[in-house]
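1. here you go, sequence then predicted model.
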Amino acid sequence: MFEQVLQEVETQCREERIPMLGPEKAEFLAARVEKAKPTLIVECGTAIGYSGLWMLRVLKRLGSGRLITVEIDADRAHRARDSFKRAGVADLVDSRIGDAQEVLKSIDTPVDFLLLDNNFSNYFPCFQAIESRLTNPATVLADNVGIGANDMADYLAHVRDRYECETHWFDIDLPWVKQDAIEVSSYRR
Ligand SMILES: C[S@@+](CC[C@H](N)C(=O)[O-])C[C@H]1O[C@@H](n2cnc3c(N)ncnc32)[C@H](O)[C@@H]1O
């Protein structure tokens, strides 16, 4: 059932042009989650749950870790919740509706994995909202650092100045973008 739900969500994103990572970047994300074996992942930008499903599949296999995912669009968040339920991973995820810049301030537990994927200009305020709760070390992934570099210049300058950062480029088969990058920042105090 899990694979069927993931396939349905991917198809809906393509047909309705709902932004999602797409399989090329999602595989990379899943491998990073597998490597980090996180206790708590925070995702900014749930959309309808595509990237969430990829991360939750790894957490389920690992038998540990949970996900807090934040989405400002209530309809999208409800669709994601429905998919998490149908895929059998709802017990591993806390789906929150609201502006991630505010919601992140209310998370008072340590965070060891962060995914920024909620419109470029939000990255830096979201990072600042959670930075003091990042564990040492923590893994931070930021999507769209290729196409969104100008709009997230403040975020990129901040992490590149302070943390070990790698930029990974991908050829992507999505209707709205063909090439883009993810930045991985290894957060160490
Ligand atoms: C690129 S999509 C997320 C894709 C998703 N991570 C995936 O791969 O399936 C960005 C999402 O961020 C949401 N968003 C935009 N601004 C936000 C904010 N301030 N707080 C939370 N979500 C926001 C949008 O509504 C949109 O659904």
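-> That came through, no problem.
2. now do the most centrally placed residue in the chain against residue 137, distance only.
-> For the chain, residue 115 is the residue whose C-alpha lies nearest the centre (C-alpha atoms, centre = their mean; 3.4 Å). Remark: distance between residue 115 and residue 137 (C-beta to C-beta, to the nearest Å) = 16 Å. Yep, even glycine has a C-beta here, placed from its N, CA and C like the rest.
3. and for residue 175?
-> Going from residue 175 to residue 137 by C-beta to C-beta gives 36 Å.
4. ok, residue 84 next?
-> For residue 84, the distance to residue 137 - C-beta to C-beta - is 28 Å.
5. higher neighbour count, the two?
-> The residue with more neighbours, out of residue 84 and residue 137, is residue 84; 23 against 14, by other C-beta atoms under 10 Å.
6. ok, the more buried one - contacts?
-> 49, 52-53, 56, 90, 93, 95 (C-beta atoms under 8 Å, 6 or more residues apart in numbering).
7. which among these end up buried?
-> 49, 52-53, 56, 93, 95 (16 or more other C-beta atoms under 10 Å).
8. out of those, give me the two with the largest separation.
-> 53 and 95 (12.0 Å; C-beta to C-beta).
9. what pLDDT does the nearest residue to residue 163 once chain neighbours are set aside get?
-> Closest residue in space to residue 163, ignoring its immediate chain neighbours: residue 185 at 4.4 Å, by C-beta to C-beta, 6 or more residues apart in numbering. pLDDT for residue 185: 97.
10. residue 185 - how many residues pack around it?
-> Residue crowding around residue 185 was assessed by other C-beta under 10 Å; the count is 24.
11. when you give positions from now on, start the count at 228
-> Yep, numbering from 228; the last one is residue 412 now.
12. list the contacts for it?
-> 366-369, 386-387, 390-392 are the contacts of residue 412 under C-beta under 8 Å, 6+ apart.
13. do the same with residue 272
-> Contacts of residue 272 (C-beta under 8 Å, 6+ apart): 297-298, 327, 342-346.
14. restrict those residues to contacts with the ligand.
-> 297-298, 327, 344-346 (C-beta under 6 Å from any ligand atom).
15. mind putting those into a markdown table with neighbour count and secondary structure?
-> Formatted as a markdown table, these follow (neighbours: other C-beta atoms under 10 Å; DSSP: H, G, I helix; E, B strand; the rest coil):
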| residue | neighbour count | secondary structure |
| --- | --- | --- |
| 297 | 24 | strand |
| 298 | 28 | strand |
| 327 | 27 | helix |
| 344 | 25 | coil |
| 345 | 22 | coil |
| 346 | 17 | coil |
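16. so the closest residue to residue 376 other than its chain neighbours is in which element?
-> Closest residue to residue 376 apart from its sequence neighbours, by C-beta to C-beta, 6+ apart: residue 383 at 6.5 Å. Assigned by DSSP states H and E, residue 383 belongs to helix 380-389.
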